[in-house]
Structure formats: C-alpha cells, structure tokens
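Asker: structure of the sequence below:
(one chain, ligands or ions: 2)
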Amino acid sequence: MRRLILLVLGSFCQHAFGQAGPYVRQQVDPAAADRGKRVYTQFCINCHGALAKGTEQGPDLIRSPLVLRDRLGNEIGPALKKLANHKTDLTNAQVADLTHFLKDQIEATAKNRNPEHPPNVLTGNLEAGRAYFNGAGKCNTCHSPSGDLAGVGRKYSPIDLQQRFLFPRRSKPLQVTVTPSGGQLVTGSLERIDDFSVALRDATGEYRAFTRGPNVKVDIDDPLTVHNQMLDAYTDQDMHNVVRYLESLK
Ligand code: HEC
Ligand code: HEC
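Answerer: Ligands and ions are numbered 1, 2, ... in the order given. Sure thing, here's the model as predicted:
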C-alpha cells in the first residue's frame, strides 16, 4: 500500500517537474542515483565511460547540453528512443534513475571530488575572469563585487565558491504573477505549481490559489534560469578564470 502511494507520488512529481521548466533544478536523490549507476554500468558505461566523460565509442555526457537541460528524463528519455544503437526499452523509472546518476556525476565533476587529484580550482587568470564577469558573462547585470558578492572569496573555500557559482542556491522564494481571465493580476511568492493549479502568498501574507487554464496567465520570474542556461555557455577556461576572480573578492 505504502509502496503504491510512493509510486503515485513519484509519477506526479515527475510530471509536475517536467512541466515546470528550467526553474526547478533537479535535486539528486542518492538512492535513485545508486540505482541509476547500476543501469548505467549495465547499458551505457562501455561507450560513455566510467565517469560518463566519454570514450572513443561515445561522447561526454557530463558536458552534454542535452543532459544538463534534462529534468527527470524529459530530454534523455526521448533522445534515447531516437539515437541509433541505443537501448529503447528502458522504463521511465530507469531513465529517471539514470538522470539522478548523471546529475550526481555532473555535480561531482564541478566539485572535483576526485581523491587522487587534489582539486586545484584556482588555475585561472584573475584579470580574464574580471573581464568575463563585466563583459561576455554579463555577471555584473545581477551582481556586484562590492555589493552582494563582496567578500565571497573569504566566505567560501575555492571549491565551495566554484560550486556556488555553477549551481547557486535560491535564498529567496520565486516571484510569480498570475493574471486570471478578466481579473486583476496578483503577485507573490510561489507556493506551488503544477499543470492544474498555481498558488502563491501575496505581500499581505494571504494564500491565494488559482486553477490554471488557457486564459490564466502565469509568469514566473526566476533569475536562476540564467544561471542554468549559462552552464551551457562556459568554456572550462571561463569557469576557471571566473572562480579565480571571485576568489580574489576578499
Ligand atoms: C554502443 C555505444 C553506446 C552505448 C552502449 C550508449 N551510447 Fe549513448 N551515445 C553513443 C554515441 C556514439 C552517441 C553520439 C551519437 C549521435 O550523436 O548521434 C551517443 C549519444 C548519447 C546521448 C546524446 C548526447 C548529446 O549531447 O547529444 C545521450 C544522452 C546518450 N548517448 C545516453 C546514453 C545512455 C543513457 C546510455 C545507456 C542507457 C547510452 N547512451 C548507451 C554511444 C553509445
Ligand atoms: C540574471 C541574473 C544573474 C546573472 C546574469 C548571474 N547571476 Fe549569479 N546569481 C543570481 C542569483 C539570483 C543567485 C542566487 C542568489 C540568492 O538567491 O541568494 C546567484 C548566485 C550566484 C553566486 C552564489 C552566491 C552565494 O553567496 O551563494 C555566485 C558566486 C554567482 N551567482 C556568480 C555569478 C557569475 C560569476 C555570473 C556570470 C558568469 C553570474 N552569477 C550571473 C543571479 C544572476
């Protein structure tokens, strides 16, 4: 019985996340990642390599934009069905487990959790990092080295700094604006959203829920979307330069 409830919940969340778009980053579930590792070892490792970083037989999946964009299999599932020579009969649950494994590998790579090579994430060039921050990276459109990021180099170890820059955490709730058909728009902190309804808490602290439909406009303003998209754009060199620069903000 309990198992059934979990299953139903699981598929509901998967659906909700699938629809929710890039503003919900997939959190790694360690148990699922563990199961995913077994699926990966059985069906994928020969070509994509032990660390999913690729071999002569298959590309790097850690740096694949498709994998980075994926949420619980919404990209990888369809891709597996289309790619030649790929196993097409994995269940949705197996694909979801695989994604947890791959996300775990991505985060491990970002943190450089490799005991054999003590991580040195400060190999970049400080001035190139500063230039990227104020130029191509457009970091200065949201951050300031003397404002919100003042002292980040003191606050975090270099490894944690890199992690926070690549996978920032949200410290404030998402802001959502709902415009019901023919009604006044309502803005507040997002409480929950799925295909059918959206709920928020407005400035006065009141909980408001709306049924979604074609005439109900829902706008979510998520500054972290940009961070997620940027993952596809950084070269390794940009990343090292930026971390070196951020580390200098003492
Ligand atoms: C026989 C070797 C082989 C096996 C086994 C294999 N792959 Fe692949 N995979 C490849 C090759 C080669 C490509 C690139 C093909 C292409 O782009 O058309 C690829 C591409 C991909 C891509 C697309 C990457 C991108 O950025 O476009 C994903 C995702 C992927 N594989 C996942 C998997 C998963 C998950 C498994 C295990 C269930 C798996 N592969 C098993 C060889 C393999
Ligand atoms: C569209 C706005 C936006 C852009 C552009 C942007 N960031 Fe962020 N960044 C954020 C938000 C929002 C957070 C999460 C902060 C929070 O909620 O406290 C964040 C978090 C961070 C953090 C973690 C801070 C901490 O204390 O945990 C770092 C470091 C960071 N960003 C660096 C960068 C760098 C470097 C760039 C450019 C390559 C960049 N950001 C571009 C909005 C942005």
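Asker: C-alpha only now, for contacts and for neighbours.
Answerer: Will do.
Asker: okay, the residue in the chain that ligand 1 sits nearest to: pLDDT?
Answerer: Across the chain, the shortest distance to ligand 1 (CA to the nearest ligand atom) belongs to Cys44, at 3.4 Å. pLDDT for Cys44: 90.
Asker: for it, give me its contacts.
Answerer: With contacts defined as CA atoms under 8 Å, 6 or more residues apart in numbering, Cys44 has no neighbours.
Asker: do Arg244 as well
Answerer: Contacts of Arg244 by CA under 8 Å, 6+ apart are Val121, Leu122, Thr123, Gly124, Asn125, Leu126, Gly129.
Asker: quick one: secondary structure of the last one?
Answerer: This points to Gly129. Under DSSP: H, G, I helix; E, B strand; the rest coil, the three-state class of Gly129 is helix.
Asker: contact partners for Phe101?
Answerer: Contacts of Phe101 by CA under 8 Å, 6+ apart are Val28, Ala32, Ala33, Asp34, Arg35, Gly36, Lys37.
Asker: ok, Leu166 touching Leu231?
Answerer: Yes - here Leu166 reaches Leu231: they are 7.0 Å apart, a contact under CA atoms under 8 Å.
Asker: which one of these two is surrounded by more residues?
Answerer: Shown here are Leu166 and Leu231; by other CA atoms under 10 Å, Leu166 has more neighbours (19 against 16).
Asker: how about the contacts made by that one?
Answerer: Applying CA under 8 Å, 6+ apart, the residues contacting Leu166 are Ala110, His227, Leu231.
Asker: the second one sits in which helix or strand?
Answerer: In this structure, His227 is located in helix 224-230 according to DSSP states H and E.
Asker: export that helix as PDB, just CAs?
Answerer: Taking C-alpha atoms only, helix 224-230 is exported to PDB below (Å, rounded to 0.1, in the frame of the first residue of the first chain):
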ATOM      1  CA  LEU A 224      18.400  31.400 -11.700                       C
ATOM      2  CA  THR A 225      17.200  30.300 -15.100                       C
ATOM      3  CA  VAL A 226      20.000  32.400 -16.500                       C
ATOM      4  CA  HIS A 227      22.500  30.500 -14.300                       C
ATOM      5  CA  ASN A 228      21.200  27.200 -15.600                       C
ATOM      6  CA  GLN A 229      21.400  28.400 -19.200                       C
ATOM      7  CA  MET A 230      24.900  29.700 -18.600                       C
END
